[in-house]
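[1] Fold the following.
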Amino acid sequence: MVTIPGRFNGPQESGNGGYTSGVLAAHLDGPVEVSLRSPVPLDQPLELTEGDEASLRLLAGETLIAEARALPELDVAVPAPVDLGEARRASENYRAPDDGIFSNCFVCGRARGEDCFEVFAGPVEGREMVATPWTPPAWAAADGGTVRPEFVWAALDCPTYFACHLEGELTLSMLVRQRAEILAPVRAGEEHVVIAWPIEQDGRKRLAGGAIVAADGEILAVAEGLLIEPRPAS
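    Numbers count the residues shown, from 1 in each chain. Below you'll find the predicted structure:
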């Protein structure tokens with residue numbers, strides 16, 4: 001059984017998509033793809049079952065919450081990262097509102113408070129990307145100081161939304177699929193740069209890439225997030 005703690009919400013009443021995806025991915029090796037099928041219940045035991053060919057399913061009773069599968073490889077072309085100074089300046093222009101459905105997200109919510117990751121990815125001047133500094137807290141790490149996979153996936157999630165909304169209206173979009181690979185340890189207490197960039201848009205679907213970069217420029221983790229805008233109410 002798996003439980004998504006209430007403190008790790010994305011929308012106010014459901015689990016952060018990246019965190020949930022990372023919980024599943026931690027049970028598989030190498031790059032992983034997670035598809036989110038339903039809102040993630042908080043503080044509720046969920047059943048984690050094994051499928052065929054290195055795959056997993058997360059269920060709340062008979063409701064399918066998420067599916068995960070190992071990938072043979074993850075081909076994400078990471079653009080040239082920005083340095084910490086550029087990331088700090090970009091974060092000053094973070095576009096998220098102070099209220100709304102994601103305002104208390106533990107990763108990116110402006111109204112969150114002290115236990116927020118403060119992954120406030122803002123547009124980088126002269127580049128088609130967003131960036132933010134990020135120093136993972138000690139509580140996000142396992143023994144030895146390496147950040148746990150679910151928190152790495154969470155930090156890679158939210159910036160992809162803002163990469164898909166570099167300008168114009170911040171439309172409601174939900175993460176429906178995340179692919180990610182952790183290439184090297186992400187260390188708690190050390191300052192990193194998180195970047196994200198748009199890849200393509202097809203109607204209500206938006207695809208973006210993301211990466212966590214060490215202060216020396218080493219790429220530690222990469223991701224690809226697919227977001228979908230809900231259909232207009234009829």
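[2] Look up the closest residue to the residue most central in space within the chain, ignoring the ones flanking it.
    Centroid-nearest residue in the chain, with CA atoms, centre = their mean: residue 157, separated by 1.6 Å. Take residue 157 and drop its neighbours on the chain: the residue closest to it by CB to CB, 6 or more residues apart in numbering is residue 18, 2.7 Å away. Backbone N, C-alpha and C define where each C-beta goes, glycine included.
[3] Which of the helices or strands spans that neighbour?
    According to DSSP states H and E, residue 18 maps onto helix 17-25.
[4] What angle do helix 17-25 and the longest helix seen in the chain make with each other?
    Longest helix of the chain, by residue count under DSSP state H: helix 149-163. Interaxial angle, helix 149-163 versus helix 17-25 (axes from the mean of the first three to the mean of the last three CA atoms, to 10 degrees): 140 degrees.
[5] Mind checking what helix or strand follows helix 149-163 in sequence?
    Downstream of helix 149-163, the next assigned helix or strand under DSSP H and E is strand 174-182.
[6] which residues sit against that following strand?
    Strand 174-182 is contacted from outside by 10, 17-18, 21-22, 25, 30-36, 71, 74, 76, 149, 152-153, 156-157, 160-161, 220-228, 230, using CB atoms under 8 Å, 6 or more residues apart in numbering.
[7] before we move on, what about stretch 81-101?
    For stretch 81-101, contacts defined as CB under 8 Å, 6+ apart pick out 11-12, 102-103, 108-111, 120-125, 127, 129-133, 162, 165, 170, 172, 191, 193-195, 211, 213, 215, 217, 219.
[8] give me that answer again for 7 Å
    Stretch 81-101 has contacts (CB atoms under 7 Å, 6 or more residues apart in numbering) with 11-12, 102-103, 108, 110-111, 120-124, 130-133, 162, 170, 191, 193, 195, 211, 213, 215, 217.
[9] what is the mean pLDDT for that stretch?
    The average pLDDT for stretch 81-101 rounds to 95.
[10] which of the residues in it are buried?
    Buried residues in stretch 81-101, counting neighbours by 16 or more other CB atoms under 10 Å, are found at 81-82, 86-88, 90-91, 94, 96, 100.
[11] Run through who's touching the helix holding residue 18.
    Contacts of helix 17-25 (CB under 7 Å, 6+ apart): 2, 4, 8, 10, 32, 34, 36, 40, 56, 58, 66, 68, 149-154, 156-157, 175, 178, 180.
[12] what's the neighbour count on the nearest residue to residue 156 once chain neighbours are set aside?
    Excluding the flanking residues, the one nearest residue 156 by CB to CB, 6+ apart is residue 223, at 3.9 Å. Look at residue 223: counted by other CB atoms under 10 Å, it has 28 neighbours.
[13] now for the helix or strand hosting residue 223, which elements pack on it?
    For residue 223, the element it lies in under DSSP H and E is strand 219-228. Using 3 or more CB pairs under 7 Å, 6 or more residues apart in numbering; DSSP states H and E, the elements in contact with strand 219-228 are helix 149-163, strand 174-182, strand 205-213.
[14] Now that strand - C-alpha only, PDB.
    The C-alpha trace of strand 219-228 is given here as PDB (Å, rounded to 0.1, in the frame of the first residue of the first chain):
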ATOM      1  CA  ILE A 219      22.700  17.900 -15.500                       C
ATOM      2  CA  LEU A 220      21.500  15.800 -12.700                       C
ATOM      3  CA  ALA A 221      17.900  14.900 -13.800                       C
ATOM      4  CA  VAL A 222      15.800  15.400 -16.900                       C
ATOM      5  CA  ALA A 223      12.100  15.200 -17.600                       C
ATOM      6  CA  GLU A 224       9.300  15.700 -20.100                       C
ATOM      7  CA  GLY A 225       5.900  16.800 -18.900                       C
ATOM      8  CA  LEU A 226       2.600  16.500 -20.900                       C
ATOM      9  CA  LEU A 227      -0.100  18.900 -19.700                       C
ATOM     10  CA  ILE A 228      -3.700  19.100 -20.900                       C
END
